[in-house]
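Trainee: need a structure here:
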Amino acid sequence: MNPQQEMEQRGQCKWRITVFEEEYFQGKSCEFTMECQNILDRDFRKILTITLYPEFQGQQFVLEKGDYPCYQAWSGNSSYRTEHLLSFRPIKCANHSDSKVTLYECEDFQGRKFEMCDDYPSLQAMGWCSKEVPSIKVNSGAWVAYQFPGYRGYQYILERDRRQGEFRNYNEYSTQAHTNQIQSIRRIQH
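Mentor: Below you'll find the model as predicted:
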């Protein structure tokens, strides 16, 4: 019995994802209840369709419960589209009632700081004076930060349980973080 089957048998699975190799739920499919670091290891070429009930690299997307019949459905609000998915994992510590994050004006948690416990579609509208956030400390919960206002652009998933919640500079936000520009942020919930 593999680890995924053991977890299912013990009732430890809290999420389920079904992936398809072709758009609109066609082609080869597989159901997962654990993270998959590289879909190529499962003899898939790529994933073009997802139903939710290499090594987590590249552009990040938050996929909440639902169906995603084609890549536009999961990358729709992003300025940067990706046509396939190669790895996935559940997000840890996603609890709206206990989410807190601190934004810092400079790298290494220096300069002016701002603590947040709520979603902000525009950081500038709530008083943040810059389009940039050089460092972030996730005190609790899980958050997704966006490059542009209105939850658009690159997405950066920030979790308390990863990196001890400390993102000392923008290079630690994601492998695709080319700038420290963050203009909106929201809590992630299960």
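Trainee: Confidence-wise, which helix or strand of this protein is lowest on average?
Mentor: Within the chain, no helix or strand scores below helix 3-9, which has a mean of 45 by mean pLDDT, DSSP states H and E.
Trainee: ok, then the element right after that one?
Mentor: Once the chain leaves helix 3-9, the next helix or strand it forms, by DSSP states H and E, is strand 17-22.
Trainee: which strands and helices sit next to that next one?
Mentor: strand 26-32, strand 49-52 (3 or more CB pairs under 8 Å, 6 or more residues apart in numbering; DSSP states H and E). To be clear about C-beta, it is placed using only N, CA and C from the backbone, and glycine gets the same treatment.
Trainee: Would you map the strands across the chain?
Mentor: Applying DSSP state E to the chain gives strands spanning 17-22, 26-32, 49-52, 66-68, 100-106, 110-116, 135-140, 142-148, 152-159, 166-167, 184-187.
Trainee: deepest of those strands, which one?
Mentor: Most buried of those by mean neighbour count (mean count of other CB atoms under 10 Å) is strand 142-148; its value is a mean of 23.
Trainee: Mean confidence (pLDDT) on that strand, please.
Mentor: Regarding strand 142-148, the rounded mean pLDDT is 91.
Trainee: for this protein, which spans come out with low pLDDT?
Mentor: 1-15, 48-64, 71-97, 190 (pLDDT under 70).
Trainee: ok, 90 please
Mentor: 1-99, 129, 141-142, 144, 151-164, 171, 173-179, 188-190 (pLDDT under 90).
Trainee: contacting residues around stretch 158-166?
Mentor: Identification of contacts with stretch 158-166 by CB atoms under 8 Å, 6 or more residues apart in numbering yields 91-93, 101, 109, 136-145, 167, 172-173.
Trainee: how about the nearest residue to residue 186, chain neighbours excluded?
Mentor: residue 119 (4.0 Å; CB to CB, 6 or more residues apart in numbering).
Trainee: doesn't residue 150 make contact with the one you found?
Mentor: No. Between residue 119 and residue 150 there is no contact under CB atoms under 8 Å: 11.6 Å.
Trainee: which of the two has more neighbours?
Mentor: Using other CB atoms under 10 Å, the more surrounded residue of residue 119 and residue 150 is residue 119, with 14 against 11.
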